[in-house]
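Visitor: Provided below for reference: sequence and predicted model.
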Amino acid sequence: MGMHPRWIQADKVYAQTQRTVDRQFLFKPDPVVRNIIGASAVRAQKNHPVKIFWLEFNINHEQNGIAPLSDSFEDLNNLVLFKQTFHRLLALELNRHYGREGAVFSTPPRTVPCLDNPSLEQQFFYAMTNPVKDGLVEKVSHWKGFSSYPQLAHGKDELFTWFDRTAWQRDLKRKPLQAYMKKGRIEYTPLPSIAHLKPGQRESYIRREVRSIEQSCRASREAAGQKVMTAQKLEMIDPRQRPATSPPRRKKPLCHCACAEIAKTYKKLLFHFLESYVRASAEYRSGKYDVEFPAGSYRPPLIVINV
């Protein structure tokens, strides 16, 4: 199996997409599932701070945009640890809720850096309006699954709750589990292109852009003679179900970028990064453990075979 080294840079926002096992509808609209997702993100962000620009869950996949807080090793490392912690907690609580076992996601995330503000906005609004594009709802505001839309577009202060089971288990004078409830909120970072605006202005801008995409999706559906799924049908979906058809496989782009020159420069830098990484990796595997790896990368695992 080929290895794809991570290159984490502090000045990049990483757009990620990840699907559930067998594309099951594990994230169907459900207030309990919504709280599980939010609480898992709160806990992961508290332990491993990152910038979260968006966090969206369609019925069977997650889309997010995250970035490190700085170029320090700890903050770069938190980008990876945040996702690991988030998905570990998410799987633990979802499995408890559904009475299932095993992994929630089928593959590693499809991670692509956004190099400029136009591409970043495009990914932001694509993720946020995904349930509308898929014909699950008429408007993003109708989507009852997890979305950052209520907070980013309407300023809703959402608190998510969870039980501190570790404290409960360690307490010698154990109280009812309800006494160990905690609350918290996800801290979102504004898109750079609108960060200078006041909160109300940012929210208005997001609502306006979302409304434009909703109108475009509505026109496309009407032209194709398609209808939006009713709330009743959405409610009746079994989370163990999966789509009848498979989506077409598309090659993952090296980056998202509206400017050809910026993309070209990035590809050159990426090529040099990979060259440096391959050389350092070869030396490291041959026993030179003090070899220096390029910034923003991880050393490969050492595989020891006992004969």
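Guide: Received, thanks. Numbering: from 1, shown residues only.
Visitor: per-residue confidence, Arg88, what does it come out as?
Guide: Arg88 carries a pLDDT value of 96.
Visitor: any idea how far Arg208 lies from Lys139?
Guide: 13 Å (CB to CB, to the nearest Å). Using the backbone N, CA and C atoms, a C-beta is placed for each residue, glycine as well.
Visitor: who has more neighbours, those two?
Guide: Lys139 (16 against 10; other CB atoms under 10 Å).
Visitor: once you drop chain neighbours, what's closest to the more buried one?
Guide: Spatial nearest neighbour of Lys139, chain neighbours left out: Glu214 (5.5 Å); criterion: CB to CB, 6 or more residues apart in numbering.
Visitor: got the domain ranges for the chain?
Guide: The record's domain parsing of the chain by automatic domain parsing lists 13-258, 259-307.
Visitor: closest to Arg6 out of those?
Guide: domain 259-307 (6.0 Å; CB to CB).
Visitor: and the closest one, how far from the chain's centre?
Guide: 25 Å (CA atoms, centre = their mean, to the nearest Å).
Visitor: what's the neighbour count on Glu56?
Guide: 25.
Visitor: make sure it is actually in contact with Met128.
Guide: Yes. If you go by CB atoms under 8 Å, Glu56 and Met128 touch, sitting 5.7 Å apart.
Visitor: now the strands for the stretch 151-300 of the chain?
Guide: 160-163, 181-184 (DSSP state E, counting those that start in this stretch).
Visitor: can you tell me which of the ones you listed is most buried?
Guide: Highest mean neighbour count of the strands of the stretch 151-300 of the chain: strand 160-163, a mean of 17 (counted as mean count of other CB atoms under 10 Å).
Visitor: how far does it sit from the chain's center?
Guide: 20 Å.
Visitor: show me what that strand is packed against.
Guide: If contacts are counted by 3 or more CB pairs under 8 Å, 6 or more residues apart in numbering; DSSP states H and E, strand 160-163 sits against helix 31-47, strand 181-184.
Visitor: rewinding a little: can you list the strands of the stretch 151-300 of the chain in JSON lines and add mean pLDDT and distance to Pro301?
Guide: As requested, the strands of the stretch 151-300 of the chain are exported to JSON lines (pLDDT from 0 to 100; distance: least, CB to CB, whole Å):
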{"stretch": "strand 160-163", "mean pLDDT": "96", "distance to Pro301": "32"}
{"stretch": "strand 181-184", "mean pLDDT": "95", "distance to Pro301": "34"}
